[in-house]
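In: What follows is a predicted structure for the sequence shown.
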Amino acid sequence: MSEENAASGAPVGIYVHIPFCQSKCPYCDFYSITDLDRIPDYLQALKAEMKLTADGGLRADTLYIGGGTPSVLSPKQMGQVVDWAAAYFNLTPTAEMTLEVNPATVTTRDLQDYAAFGFNRLNIGVQSFNDRHLAFLGRRHNAEQALAAVQAGIAAGFTNIGFDLMFGLPDQTPGAWKKDLLQAIRLAPKHLACYILSYEDRTRLHADLQAGRFAPLSDLRTADLFRMTHDFLGAAGYEHYEVSNYSRGSRWRSKHNQKYWNGLPYIGLGPSAHSCQLPHRWWNHRALDHYLETIAQGELPRADEEHLSEEQQMMEALFLGLRQSDGIDLADFQGRFQIDFTLYFHTALDRFSAEGWLDLDSRNCCLTVEGMLFLDRIVDELVEMID
């Protein structure tokens with residue numbers, strides 16, 4: 001990756017996975033463990049991985065510390081991670097530096113320290129302001145702590161604060177979701193990520209669902225909540241720039257996440273982290289033990305890699321492009337794949353347009369709000385048309 005990046009001069013994004021949590025949320029399928037005593041060993045290995053990965057030609061303009069629960073690291077430990085990333089990956093002076101935090105694990109003093117390390121974007125894992133829903137999701141914090149965490153971020157000097165919310169929970173009513181959204185906009189975050197609850201394999205929530213311990217919210221009711229989210233946040237001044245993401249104007253979009261959606265290069269560090277420099281993609285060992293053992297042998301902790309064919313890249317361009325409100329840039333698509341998008345897919349595009357699922361003009365193809373509800377179906381049909 002580094003040779004291609006150095007040649008092109010394209011800045012990369014750096015993602016660091018912190019694989020630790022105080023407890024495991026029943027819906028989460030991201031890799032994490034609860035043995036916090038292993039943090040020092042992990043940090044030593046992380047520094048070694050950075051050194052093995054780094055190249056003088058690399059230049060990064062985003063740093064995203066995610067997890068897991070990054071805020072289980074002490075401020076001193078977090079400061080080390082930032083220093084290493086800056087040294088090994090030549091972070092630009094204006095780099096977007098995002099830190100994920102859990103409301104149950106941060107104080108105002110912690111957040112002040114994080115800000116002093118250069119973090120300029122704070123993402124808080126709120127999920128809900130409803131204590132009953134937080135209990136169902138297995139979160140360690142309550143609504144009062146969620147509010148306190150946002151206020152602490154403001155007091156610490158963060159001007160770019162966002163948080164995650166989750167909807168589509170069993171028995172969730174429009175009124176309950178509206179209360180969450182109202183509380184959110186009262187706090188005036190620059191960014192909101194509103195995710196539909198999913199039941200991933202290997203999670204405790206999926207096992208509970210399979211065992212019949214609760215009934216999921218119907219697709220129709222979940223779709224109604226999705227429409228409500230779009231309308232309500234739009235009226236409050238938020239742009240719906242990606243299926244699950246809203247910002248107070250383009251300035252506050254996640255620059256790091258846009259790298260994933262737009263096929264730009266990024267490096268993932270830590271257990272289970274993924275990296276990409278099209279057409280090359282690779283990912284790390286998932287288990288911490290395997291990760292540590294490989295690095296101890298002086299090797300990169302890669303579990304596997306793949307080279308995407310042009311057809312696979314086109315499939316990804318369809319799916320990731322249509323996730324975004326800006327949609328697919330037709331000239332860019334033709335430049336990458338030597339295909340006239342409108343002509344190639346015209347039969348499906350005409351039908352989707354008649355359904356009210358997409359808007360197509362001479363420059364872009366983008367989904368409507370209704371179309372976003374059928375994203376997977378639309379992409380599947382387009383993919384079937386690829387020779």
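Out: Perfect, I can see it now.
In: Could you list the alpha-carbon positions for stretch 77-92 in PDB?
Out: Presented in PDB, the C-alpha positions along stretch 77-92 are these (Å, rounded to 0.1, in the frame of the first residue of the first chain):
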ATOM      1  CA  GLN A  77      -2.200   5.700  27.200                       C
ATOM      2  CA  MET A  78      -4.400   7.500  24.700                       C
ATOM      3  CA  GLY A  79      -1.700  10.200  24.400                       C
ATOM      4  CA  GLN A  80       0.800   7.500  23.500                       C
ATOM      5  CA  VAL A  81      -1.400   6.100  20.700                       C
ATOM      6  CA  VAL A  82      -1.800   9.600  19.300                       C
ATOM      7  CA  ASP A  83       2.000  10.300  19.500                       C
ATOM      8  CA  TRP A  84       2.800   7.000  17.700                       C
ATOM      9  CA  ALA A  85       0.200   7.600  15.000                       C
ATOM     10  CA  ALA A  86       1.500  11.100  14.400                       C
ATOM     11  CA  ALA A  87       5.100  10.000  14.200                       C
ATOM     12  CA  TYR A  88       4.700   6.900  12.000                       C
ATOM     13  CA  PHE A  89       2.000   8.200   9.700                       C
ATOM     14  CA  ASN A  90       2.800  11.900   9.300                       C
ATOM     15  CA  LEU A  91      -0.600  13.200  10.400                       C
ATOM     16  CA  THR A  92      -1.300  16.500   8.700                       C
END
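In: hmm, who's touching it?
Out: 11-12, 14, 16, 39, 43, 46-47, 50-51, 53-54, 58-61, 63, 65, 70, 73, 97, 99, 113-114, 117-119, 267 (C-beta atoms under 8 Å, 6 or more residues apart in numbering). From N, CA and C alone the C-beta is placed, and that goes for glycine too.
In: Tell me which of those residues fall in helices.
Out: If you go by DSSP state H, the contacts of stretch 77-92 have I39, L43, L46, K47, M50, K51, T53, D113, Y114 in helices.
In: Neighbour-wise, give me the winner out of these.
Out: Highest neighbour count within those: Y114, with 27 neighbours (other C-beta atoms under 10 Å).
In: List the beta-bridge partners for the spatially closest residue to that residue that is not a sequence neighbour.
Out: For Y114, ignoring the flanking residues on the chain, the nearest one in space by C-beta to C-beta, 6 or more residues apart in numbering is L99 at 5.6 Å. Under DSSP bridges, the beta-bridge partners of L99 are I65, L122.
In: Would you confirm that L99 contacts I124?
Out: No - contact between L99 and I124 fails when scored by C-beta atoms under 8 Å: they sit 9.6 Å apart.
In: So for those two, which residue has more residues nearby?
Out: L99 (30 against 26).
In: what does the model give that one for pLDDT?
Out: With respect to pLDDT, L99 scores 97.
In: Ok, the one 10 residues further on next?
Out: Reported pLDDT at R109 in the predicted model: 93.
In: neighbouring contacts of whichever helix or strand Y291 is part of?
Out: Using DSSP states H and E, Y291 maps to helix 288-296. For helix 288-296, contacts defined as C-beta under 8 Å, 6+ apart pick out 19, 33, 38, 41-42, 45, 48-49, 52, 270-271, 284-285, 300-301, 303.
In: run the last query once more with 6 Å
Out: Residues outside helix 288-296 that contact it (C-beta atoms under 6 Å, 6 or more residues apart in numbering): P19, A45, A48, E49, P271, H285, P301.
In: again with stretch 155-163
Out: Outside stretch 155-163, the residues that touch it by C-beta under 6 Å, 6+ apart are 108, 111-112, 115, 120-124, 126, 153, 189-191.
In: Pick out the lowest-pLDDT one from those residues.
Out: Among those, T108 has the weakest pLDDT, 91.
In: Not counting sequence-adjacent ones, nearest residue to that one?
Out: A152 (4.2 Å).
In: burial count for that neighbour?
Out: 22.
In: What distance do you get for it to K47?
Out: 29 Å (C-beta to C-beta, to the nearest Å).
In: Now do the same contact list for the nearest residue to V106 once chain neighbours are set aside.
Out: In this structure, V106 finds its nearest non-sequential neighbour in S71, 4.9 Å apart by C-beta to C-beta, 6+ apart. Shown in contact with S71 (C-beta under 6 Å, 6+ apart): V101, N102, T105, V106.
In: Equivalent analysis for R202, please.
Out: Contacts of R202 (C-beta under 6 Å, 6+ apart): D29.
In: and the gap between L209 and T69?
Out: Applying C-beta to C-beta to L209 and T69 gives a distance of 24 Å.
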